[in-house]
Every structure is written in C-alpha cells, then in structure tokens.
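> Just a sequence and a predicted model for now, questions to come.
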Amino acid sequence: MQDASAPQDFTTIDQLLALVDALPPVRRELAQRLFEMVETEGVIVPPSDMEPWLARTFGSVEATLRQRIIRVTNRWTFEGATFNPLRSRRPGSGTTQAAQSGPLTMPPELRERIQATEGDDFCDPEHRTPADSFGRVRGQRVVTAANVAKAEGWHSVAIFDRHDPLAIDAALVADLLLVAGEWAERAHEKDDPARYFFLLWNCLPRAGASLIHGHAQMTLSTVMAQARVELWRTAAARYTEATGGDYFADLAAVYHGLGLTVPTRDPAVTMFASLTPAKEREFVLLAPPWRADGRSPTLETLAQPLAAGLEVMLHTLGVRAFNVAIFGPPLPGDPRADEWAGFPLVARFVDRGNPLAPTSDIAALELFGSSVIASDPFDVARSLRAGES
Ligand SMILES: [Zn+2]
C-alpha cells in the first residue's frame, strides 16, 4: 500500500532532495537522519567535432552539457551510491540494456555458452560432487553438495535440477530456500557453534559464478556472521543507541514515504528499491522478527516475494547476470542472541549488467569508494510494483 502522500509514477532520482523536503516533518527528519543526500552538477565543454557522437549516444548534446548527479550515503552503514542516469547510455554501460529498450531476448552467444557446458559436474551431482559429512539435503528441484574449495568451515552448494541457470521459477526459489534452511539445521546439529547462515546466489560468470549450471551456495559460520552482515548489525545498534529509534523500522518507513516500497502478499515483509545499491537495480526484502501473527519469519517467508522480484528482473527488465544474498540473525541459542534482537531476515538482489560485456561493472570506486549507478531506484520500484499487481 502506498501512502496517499507518497509520490506516484513519474518520480526520478534527480527529484530526491525535493521529495525529501516535501515529506511530512517526522518522516523528513528520519530520512535525513538515515541518509546524507547531496546533489551536484557536472559540466562538460565538448568540441563541436564531438557533437554528432554525443547526440547519437546520449539523445541530445544538451543532455550532456550539465549533468545532475545525486549522491546518497547511509549515515549508519556508510554504504553509498552515486546516481547519474546519463551513464546508462554511455558506451559499454554496465546496466542491462533493457533499461531503455524493453526485455532482452537471450543473446545467441549466451545461449551457446550455456549449452556448451551441458554435461558438467553439476549435471550429475550424485556421482561428481562430494557430500557433506551429514550427507545431502534433497528437495524437489535442488540437491546439496559440499563445496570442494570451501570459503568457510561449512560451505556447500545447492545444485538446481536444470543446467540452464536462467530456468528460474517460483517453485525453484521455494525449494532452494527450503533445502538451504534444512542444510543449515543439519550442519548446526553436527557443529553446535556454527549458527550464522548466509546464502549467496551468483548467476552466470559475469556475476562471479565459476560454473554455469544453476546453483546457489550456503555458508554457516561460527563466532561472527559474514563481515558486512555484522556491519549492518552494528549500524543498527549504533542507530538505536544514538536516536532511540529502530533502525530497520525507520528505514522501511522512509522508503515507504518516498514511494520506493513495493507491496508484498505478506504484509510483514518490506520490499524496496535501494537508495544505496551495491550495484544496479538493487532491491531488498526485510522480514522483521516481530509479526502481528506471532510467527517468526523463516527462509520460506522470503520465497514468494523474492521469486516475484526475480520474475520482474528476468522477464520484464531482461536481467541475466545477477547476485542474491540472504542473511539474518543467528540460529537460536546463540550466546550473542541479545546483540541480534530485532535484526530481520534479509534478501538483497543486484543486476550485474550485460552477461557478455567485456568490461567489469565493478571497479575501484565500487570496491573502495561508493557504487556508481546508472539505474534509477524509482524505475526499479515501478517495475517491481507493476509485476506484483
Ligand atoms: Zn550442468
């Protein structure tokens, strides 16, 4: 549900500061408490020889002369993004081309690349992948294997039944989350201190997948969660200490007020297009531990909204290479449980752009500075909302 006051439809990221100014005072204060938002202008002075190319590439020369740049920083996590919609039109842009031109059909070269690797080890997991010490978790569509080169004491692969990594539907997502949850329980039974679950899903080599065959991975850590998950936790704790507010509830309220949330079938789950995306078209799902019906969220709580978001990304926006991460508080009984009170179950998605692009979409700015983003979060939210209705 959108606020009556929430901006509708034609909003773009370069209106962000005006939108925040127009919020009711309490929300405006929350937005400014959570985010630093800076608007700057960049100017170019092109020689006339360049003008035909600029017009061809960016639609008009005028559009390039004065460029509005919006920089958003989360004051608590210090995640930040710089938006310049003009960048999506530059040559070799990192965004999936569908941003301007509608859904991508599968490029023949990508189709060939996927087909060329058919018959790989993941096509025969029972014989060609190792099991964990407790065996395998077998779902309808997904089976687990121990990761051969582990990045964590417990690090396994959830191998999909289809080789094609883009053969994704709601049943696959639901089965993946069911199997991943069961895997975490089984690993934890074997190894009591291992309690911090993280799921990573890299689709296609462009997004970091070393094997094309559809798969996701899970880790279960001891002592601490993955570093950036701890970063979110400590940010939320500092926020509460400094302001008395609930970080995740306030974050959801600000996204809602700005018209960046997407209604979900389960009203306890908040979905929004991020203002500080790690990369293109980030959407986030938050399932807080408190619920009106008294039930705690489980990984399966995220299945339907995640599948709905993926559907829009893949079939409406033409995304092919993407990353998903899922994380939350530790499994019950953790000695640090108090520190995690109020921490939601989280899913994050990013588009990694053209799967065949020769250049990387992640460079020094992304690694050491802030992310440079071509996609507009208000467009992302609109697309997701259209998919939900
Ligand atoms: Zn395969």
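Ah, there it is.
> what residues does this structure put near the ion?
Contact residues (C-beta under 5 Å from the ion) of the chain with the ion: Asp120, Phe122, Cys123, His163, His213. Where you see a C-beta, it was placed from the backbone N, CA and C, and this is true even at glycine.
> Do you have the strands of the stretch 1-150 of the chain handy? List them.
35-43, 66-74, 80-83, 142-146 (DSSP state E, counting those that start in this stretch).
> pLDDT of the third one, averaged?
Read it as strand 80-83. Per-residue pLDDT over strand 80-83 has a mean of 96.
> for it, packing partners?
strand 66-74, strand 371-373 (3 or more C-beta pairs under 8 Å, 6 or more residues apart in numbering; DSSP states H and E).
> The first one packs against which elements?
Spelled out, that is strand 66-74. Strand 66-74 packs on helix 16-21, strand 35-43, strand 80-83, going by 3+ C-beta pairs under 8 Å, 6+ apart.
> burial measure for the closest residue to Leu176 other than its chain neighbours, as a count.
Among residues not flanking Leu176 along the chain, Val142 sits closest, at 5.2 Å (C-beta to C-beta, 6 or more residues apart in numbering). Around Val142 there are 26 other residues, counting by other C-beta atoms under 10 Å.
> Next: Val38.
13.
> Kindly report the same for Val173.
Neighbours of Val173 using other C-beta under 10 Å come to 26.
> Tell me, how many residues neighbour the nearest residue to it once chain neighbours are set aside?
Using C-beta to C-beta, 6+ apart and skipping the chain neighbours, the partner closest in space to Val173 is Ala307 (4.1 Å). Residues near Ala307, counting by other C-beta under 10 Å, number 18.
> Following the chain past the host helix or strand of Ala307, name the next helix or strand.
Assessed by DSSP states H and E, Ala307 sits inside helix 303-311. Counting by DSSP H and E, the element after helix 303-311 in chain order, helix or strand, is strand 322-327.
> about what we covered before: name the stretch from the strands of the stretch 1-150 of the chain that approaches Ala268 most closely.
strand 66-74 (23.1 Å; C-beta to C-beta).
> coming back round to it: how far off centre is the helix holding Ala307?
In terms of C-alpha atoms, centre = their mean, to the nearest Å, the centre of helix 303-311 is found 12 Å from the chain centre.
> and the angle for that helix with strand 322-327?
If you take axes from the mean of the first three to the mean of the last three C-alpha atoms, to 10 degrees, helix 303-311 sits at 160 degrees to strand 322-327.
> how about the strands in the stretch 151-300 of the chain?
154-160, 196-203, 215-221, 261-262, 270-273, 280-287.
> Point out where the stretch 151-300 of the chain drops to low pLDDT.
The model of the stretch 151-300 of the chain has pLDDT under 70 over residues 292.
> Helices along that one, start to end?
Assigned by DSSP state H, counting those that start in this stretch, the stretch 151-300 of the chain shows helices spanning 170-190, 227-243, 247-257.
> ok, back up a step: so the residue nearest to Leu176 touches Val179, yeah?
Yes: using C-beta atoms under 8 Å, Val142 is in contact with Val179, at 4.6 Å.
> picking up where we left off before, list the contacts for the residue nearest to Leu176?
Going by C-beta atoms under 8 Å, 6 or more residues apart in numbering, Val142 touches Ala158, Ile159, Phe160, Asp161, Leu172, Asp175, Leu176, Val179.
> The ion versus that one, what's the distance?
Separation of Val142 from the ion (C-beta to the ion, to the nearest Å): 13 Å.
> so what's that residue scoring on pLDDT?
Predicted confidence (pLDDT) for Val142: 98.
> ok, the most centrally placed residue in the chain - contacts?
In the chain, the C-alpha nearest the mean C-alpha coordinate belongs to Phe349, at 1.9 Å (C-alpha atoms, centre = their mean). Counting by C-beta under 8 Å, 6+ apart, Phe349 touches Arg281, Glu282, Phe283, Val284, Leu306, Gly309, Leu310, Met313, Phe322, Asn323, Val324.
> one more time with 10 Å, if that's ok
201, 274, 277-279, 281-285, 306, 309-310, 313, 319, 322-326, 380 (C-beta atoms under 10 Å, 6 or more residues apart in numbering).
> and it, which of the three is it?
Under DSSP: H, G, I helix; E, B strand; the rest coil, Phe349 falls in the strand class.
> ok, back up a step: Thr298 is nearest to which of the helices and strands packed on strand 80-83?
Nearest to Thr298, of all these, is strand 66-74, at 27.2 Å by C-beta to C-beta.
> what does that closest one contact?
Contacts for strand 66-74 (C-beta under 10 Å, 6+ apart): 12-17, 34-44, 58, 79-87, 232, 235, 251, 274-277, 370-373, 376-377.
> So which bits of it are buried?
Gln67, Arg68, Ile69, Ile70, Arg71, Val72, Thr73, Asn74 (16 or more other C-beta atoms under 10 Å).
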